[in-house]
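> sequence plus the predicted model coming up.
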Amino acid sequence: MTPSVSGALVIISMVLTGCFGAYQVAPEAPLGVGGLKPTQEDQDAGRVGIATGFNLKDYPVIAVERFPVAKSEIKDEGDQRFADRMAFIYQAELIRRLREAGLFSRVVNLSETDFPVGAGKVLKLRGTITRLGRGSQAVRYLVGFGAGSTRAQAEMYFVDADSGRVMLVTADRRLASMGLLGGDDEDFLRESFNNMARDLVKFLVRLPKDFKVAVVAAPSQSTAPEIAPATAEVKALVGTWSGTVYAQRGTYPLTITFRDNGSWHATSPTLKPGTFGGTWQLNGSNVVWTSLTTGRTGTSTLHEVNGTRILRLIPDDGTSTIELTPAR
C-alpha cells in the first residue's frame, strides 16, 4: 500500500469514526450576575457582558476560586466525586494559563492561599459550572451525529474585591460527540475545560485593546445572580431546603428552614458554630437575608433549572456561595 493511499485511509477513518474532540456551542440559558448578563457573542469566551468603566489593567492581582458544580448536575456520590475532580482541573488550568499570559503581577489560588491583603486592587474570579454531563460513549460510537455528547458549561464573573461590584461576566459551553470508538467522556471533559480556560485568557488578552461591546452599568451593591425567578410568592420559599456552602476553605452541608413569619433557622454538622438563625424578606424577586448569628447579610434568588427549584444565596462579603434545593 502506498503512503498516499495509507494516508487517505487514515483520513477517511477519522471522518467515519470521529477524532475531533470538544467544540464550542452557544451557552444554554446563561444566568448573569449582579445586573450583568453575558449577551454579547465573542469568538473565544462564548458570551460576555462588561460593566461601564471596567479596565483590566487597573488590577495587578487576580484571585481565583474553585467553581462549584450546580447541584442539578449531581445525582449521587459518584457524580459528586467526578464533579469535584472536574472543578479542580478547571481551576488549575485557569490559574496556569493566567500565570503564563502575564496579564497580572500575581495570580492567587484561593483553594491554597488566603485572600491577598495589601496587594493593591484585586479582581476576584468566581463562577459556577452550570452544566456537566458525561453523555454516553456507546451512543457516540454507534449513533454519532452529536448523540451522546459530553457537555460542559461554565459561567464566570469577575468581581472588584473592594466594592463587590461585578465588572465582567462570561458564559462558555462545550460539547464533544466524536472520538475513536466514541471517545472517553473524562478525556472529552478535560479537553473542554482546558479549552475554556485557554480561550478565556485569549479573550482577556484582547480585552484592553480591541474588544468592542455594548456595556451595562454595574450595580453598586449585591453580587447575587439575577436569575429568572421561579416565583416571587412567599409560599415558594417557605419550607426546608438542603444543600452546600461553597467557601474558600472547603464545602459544608447546610439545612435551612424559612418560616412564614420572616425568620429562618439553619444547621450544619461541620460548619461552626453548627446552628444559625436570622431574618429574611422579599425584595422584588430576590430574598434579602440577615444572619443574627454571624452578622452577615446577603441576597438570594429562587430559580428553576431542568425542572428543579434551586435557591442560591450569596453573602454581601463575597466569601461563599450557597446552593440549596427543597429537602425531601
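Structure received.

> assumed I314 was part of a helix.
No - with DSSP: H, G, I helix; E, B strand; the rest coil as the criterion, I314 is assigned strand and is not in a helix.

> ok, it touching R296?
No - using C-beta atoms under 8 Å, I314 is not in contact with R296; the gap is 10.6 Å. For every residue, glycine as well, the C-beta is placed using N, CA and C.

> in terms of neighbours, single out the busier of these two.
More crowded of I314 and R296, by other C-beta atoms under 10 Å: I314, with 23 against 16.

> show me the strands in the stretch 201-328 of the chain, by range?
239-247, 250-258, 263-267, 275-283, 286-291, 297-305, 308-315, 320-326 (DSSP state E, counting those that start in this stretch).

> buried residues in the third one?
So that's strand 263-267. W264, A266 (16 or more other C-beta atoms under 10 Å).

> helices or strands next to that strand in the packing?
Judged by 3 or more C-beta pairs under 8 Å, 6 or more residues apart in numbering; DSSP states H and E, the packing partners of strand 263-267 are strand 250-258, strand 275-283.

> just give me the lowest mean pLDDT stretch among the strands of the stretch 201-328 of the chain.
Lowest mean pLDDT within the strands of the stretch 201-328 of the chain: strand 297-305, at a mean of 77.

> tell me what angle that strand forms with strand 308-315.
160 degrees (axes from the mean of the first three to the mean of the last three C-alpha atoms, to 10 degrees).

> going forward, begin numbering at 3 instead of 1
That works, and once the first residue is 3, the last one we named lands at strand 299-307.

> quick one: the helices and strands packed on strand 265-269 as a markdown table, columns for mean neighbour count and distance to G245 too.
Formatted as a markdown table, the helices and strands packed on strand 265-269 follow (neighbours: other C-beta atoms under 10 Å; distance: least, C-beta to C-beta, whole Å):
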| stretch | mean neighbour count | distance to G245 |
| --- | --- | --- |
| strand 252-260 | 17 | 6 |
| strand 277-285 | 15 | 14 |
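
> ok, which of these comes nearest F106?
With respect to F106, and counting by C-beta to C-beta, the nearest of those is strand 252-260 at 25.3 Å.

> same for the closest one, what does it pack against?
Taking 3+ C-beta pairs under 8 Å, 6+ apart as the contact cut, strand 252-260 packs with strand 241-249, strand 265-269, strand 322-328.

> tell me which of those sits most buried.
strand 322-328 (a mean of 20; mean count of other C-beta atoms under 10 Å).

> who touches it?
Strand 322-328 has contacts (C-beta atoms under 8 Å, 6 or more residues apart in numbering) with 70, 72-74, 128, 130, 241-250, 256, 258, 302, 310-316.

> one more time with 6 Å, if that's ok
73, 243, 245-249, 311-316 (C-beta atoms under 6 Å, 6 or more residues apart in numbering).

> one step back: columns distance to L58 on top of the helices and strands packed on strand 252-260, output as CSV?
Listed next are the helices and strands packed on strand 252-260 as CSV, based on distance: least, C-beta to C-beta, whole Å:
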stretch, distance to L58
strand 241-249, 26
strand 265-269, 38
strand 322-328, 24
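
> and the chain, what are its domains?
24-212, 236-328 (automatic domain parsing).

> and the residue nearest the centre of this protein?
Ranked by distance to the mean C-alpha position of the chain (C-alpha atoms, centre = their mean), the top residue is T130 at 1.6 Å.

> quick check: which ranges of the stretch 103-252 of the chain have low pLDDT?
In the predicted model of the stretch 103-252 of the chain, residues 137-151, 179-186, 210-236, 250 satisfy pLDDT under 70.

> recalculate using a threshold of 80.
Along the stretch 103-252 of the chain, the model assigns pLDDT under 80 to residues 117-121, 136-151, 178-186, 210-238, 249-252.

> would you map the helices across it?
Secondary structure of the stretch 103-252 of the chain by DSSP state H, counting those that start in this stretch: the helices cover 139-144, 187-212, 236-239.

> need the winner for burial among those.
When those are compared using mean count of other C-beta under 10 Å, helix 187-212 is most buried, at a mean of 19.

> so which elements touch that helix?
strand 24-27, helix 79-103, strand 152-162, strand 168-178 (3 or more C-beta pairs under 6 Å, 6 or more residues apart in numbering; DSSP states H and E).

> and the angle from the longest one to strand 252-260?
Helix 79-103 runs at 120 degrees relative to strand 252-260, counting by the same axes, to 10 degrees.

> roughly how far apart are the nearest residue to A199 once chain neighbours are set aside and G166?
Leaving aside its sequence neighbours, A199 sits nearest to E95 (C-beta to C-beta, 6 or more residues apart in numbering; 4.0 Å). Distance from E95 to G166, counting by C-beta to C-beta, to the nearest Å: 26 Å.

> pick the most deeply packed of the domains of the chain.
domain 24-212 (a mean of 19).

> still on that earlier bit, how much space separates the residue nearest to A199 from L202?
E95 is 10 Å from L202, by C-beta to C-beta.

> next one: G104
From G104 to L202 the distance is 15 Å (C-beta to C-beta).

> which ones are touching the residue nearest to V71 when sequence neighbours are not counted?
Nearest residue to V71 in three dimensions, chain neighbours excluded: A85, at 3.8 Å (C-beta to C-beta, 6+ apart). If a contact means C-beta under 6 Å, 6+ apart, then A85 has V71, I76, L134 as its contacts.
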